[in-house]
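> Attaching a predicted model along with its sequence, questions to come.
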Protein chains: 2
Amino acid sequence: MLKAERLQKIVEQIAKDNKVVLDDLSQLLNVSTDTVRRDIKELSDKGLLKAVRGGAIIGSPVHPHFKERQHIDTHHKKAIAQKVLEFIKPGQVILVGAGTTTTAAIYALPKDITLTVVTNSFPIVSILEDYPNVDVFFIGGQLNKHGFSTGGYETIEAIRNFRADICLFGICSIDLKLGITGADHEESLLDRAMIETSKYIIALSTYDKIGVSDPYYVCAANAIDALITEKDPSTADLDGFKHAGILIK
Amino acid sequence: MLKAERLQKIVEQIAKDNKVVLDDLSQLLNVSTDTVRRDIKELSDKGLLKAVRGGAIIGSPVHPHFKERQHIDTHHKKAIAQKVLEFIKPGQVILVGAGTTTTAAIYALPKDITLTVVTNSFPIVSILEDYPNVDVFFIGGQLNKHGFSTGGYETIEAIRNFRADICLFGICSIDLKLGITGADHEESLLDRAMIETSKYIIALSTYDKIGVSDPYYVCAANAIDALITEKDPSTADLDGFKHAGILIK
DNA sequence: ATGTATATTGCATAATATTGCAATATGAAA
DNA sequence: TTTCATATTGCAATATTATGCAATATACAT
């Protein structure tokens, strides 16, 4: 039986009974419980069900599309997420922008962490549902085109009411001279608002976004305190940023 | 039985009877009272109920995020949703409270309707993603325990910035003399804010919520303009409301 | 006060999860 | 085709969690 078939059957079962049991599936699908467990984890990552000890149960009534966790498993993003953890201390208030990179970082947080997360991203909210010690504050506003976050005037105004310890945001492009820039005007404004009201700014970026630029200006490169990429921080290419006083991780 | 199932069943019981008894659960779930006690403690830590000697009682209204519960009254809710449609006109701004009844009503909207929906409910946002002509405005704030809506000071403040044509909200209890009341203090405040800033108030209620009351006052019965239930509006029991100037559907 | 029911705690046992690893299968590029 | 990289799967060792039991403490009713 193909793996895809198995996953499908598991989803069907869930739809029918609201739950599946590990051992039952193992028998039904003729694979080891290990495999079933991995299947369930995969489906759980996609938000199609909720993995629990001994099996899985139906997830929340929120549309799976909302969870958009498909893209978070890339190698790069996991590496970045791991580095983010070094900066976050329990009890802090952390302002998190929308985007796949930040979502991946949040996804990598240990389940028992104590935090206050302020965000305008629906997928991030959805992830944090299972974190008992994380207070979530959602920033309202106009739903943006993709439906994964809010934006617009009210969102920016709401952000201005916070003074976060840390701001975590993914960047489109960063260049030492041209600063941080984005491809979307509205998002650039949001990012700027977030940066302006936070004490410590962490920018997340994959390596290919460094040294390039986009049309909309967000802030100067040295407005950020730390830059996290998936590469080794000792790479010579990043020396310029180090000299500008930015911590590279 | 999975532990997660047990926890769900306990929450369901609470939602139904407002209380659970240790020994009953022990029998029903086929586990020792120790285990039930631990389950209750866990749920109590999450704020889903209040543990008391010998069992547990309702903490605040339970969000029916378990499928079983959602299927209760589906029929009624569909009937209600159909009636709601008569009130909504294309192009209006409509403020929608969180809850299964309102969610059902939104779910019944025709896909091509042109509207602006303002809501603090994640499931409603998720439904409206597929509506190309619906502008969605999400009201931010503190995420509530169950993660399906926001609440608190900021949410109320944000609501005050709107002047909706229609306010749609589900009610816990309505009584001609005692007015509209709710089981959760915070939610009552939210409802009141919504009512105060809207031009036309539609209350949704299943028939069993009429003539009863809960601890927290929301508004006088005649503060609403229309009351929609699943029953025939000519039922004599509702005459009192009609005389108070409330349109019954 | 006294007895009974309920709670708490520590512990032993069993069930389940995680991790690393090796064998095999799959797929894409040379 | 051949070769190499990657994904999949099962297995074993280890860690974690869940559960019932017993001993002890606490609350409640009369």
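Everything's here; your move.
> Tell me where chain A has helices.
Secondary structure of chain A (DSSP state H): helices located at A:3-17, A:22-29, A:33-45, A:75-85, A:100-107, A:122-128, A:153-159, A:185-196, A:239-243.
> which other helices and strands contact the last one?
Spelled out, it's helix A:239-243. Secondary-structure packing of helix A:239-243 (3 or more CB pairs under 8 Å, 6 or more residues apart in numbering or on different chains; DSSP states H and E): no helix or strand packs against it. Every residue, glycine included, has its C-beta placed from N, CA and C.
> follow-up on the earlier one: please tabulate the helices of chain A in JSON lines, including the columns distance to B:Pro215, mean pLDDT and mean neighbour count.
Conversion of the helices of chain A to JSON lines gives the following (distance: least, CB to CB, whole Å; pLDDT from 0 to 100; neighbours: other CB atoms under 10 Å in any protein chain shown):
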{"stretch": "helix A:3-17", "distance to B:Pro215": "37", "mean pLDDT": "91", "mean neighbour count": "15"}
{"stretch": "helix A:22-29", "distance to B:Pro215": "43", "mean pLDDT": "93", "mean neighbour count": "16"}
{"stretch": "helix A:33-45", "distance to B:Pro215": "38", "mean pLDDT": "92", "mean neighbour count": "17"}
{"stretch": "helix A:75-85", "distance to B:Pro215": "44", "mean pLDDT": "73", "mean neighbour count": "17"}
{"stretch": "helix A:100-107", "distance to B:Pro215": "37", "mean pLDDT": "84", "mean neighbour count": "24"}
{"stretch": "helix A:122-128", "distance to B:Pro215": "29", "mean pLDDT": "88", "mean neighbour count": "24"}
{"stretch": "helix A:153-159", "distance to B:Pro215": "31", "mean pLDDT": "94", "mean neighbour count": "20"}
{"stretch": "helix A:185-196", "distance to B:Pro215": "40", "mean pLDDT": "94", "mean neighbour count": "20"}
{"stretch": "helix A:239-243", "distance to B:Pro215": "58", "mean pLDDT": "80", "mean neighbour count": "14"}
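> Tell me which of those sits nearest to B:Ile139.
Counting by CB to CB, B:Ile139 lies closest to helix A:153-159 out of the helices of chain A; the figure is 9.1 Å.
> how far does stretch A:222-239 stretch from start to finish?
13 Å (CA to CA, to the nearest Å).
> and for it, what are the contacting residues?
Stretch A:222-239 is contacted by residues A:75-77, A:79-80, A:83-84, A:87, A:174, A:179-180, A:195, A:200-207, A:210-211, A:241, A:244-249 when judged by CB atoms under 8 Å, 6 or more residues apart in numbering or on different chains.
> Can you give me the buried ones in it?
By 16 or more other CB atoms under 10 Å in any protein chain shown, the buried positions in stretch A:222-239 come out as A:Ile224, A:Asp225, A:Ala226, A:Leu227, A:Ile228, A:Thr229, A:Glu230, A:Lys231, A:Leu238.
> Tell me the gap between that stretch and the middle of its chain.
Relative to its parent chain, stretch A:222-239 has a centroid offset of 20 Å by CA atoms, centre = their mean, to the nearest Å.
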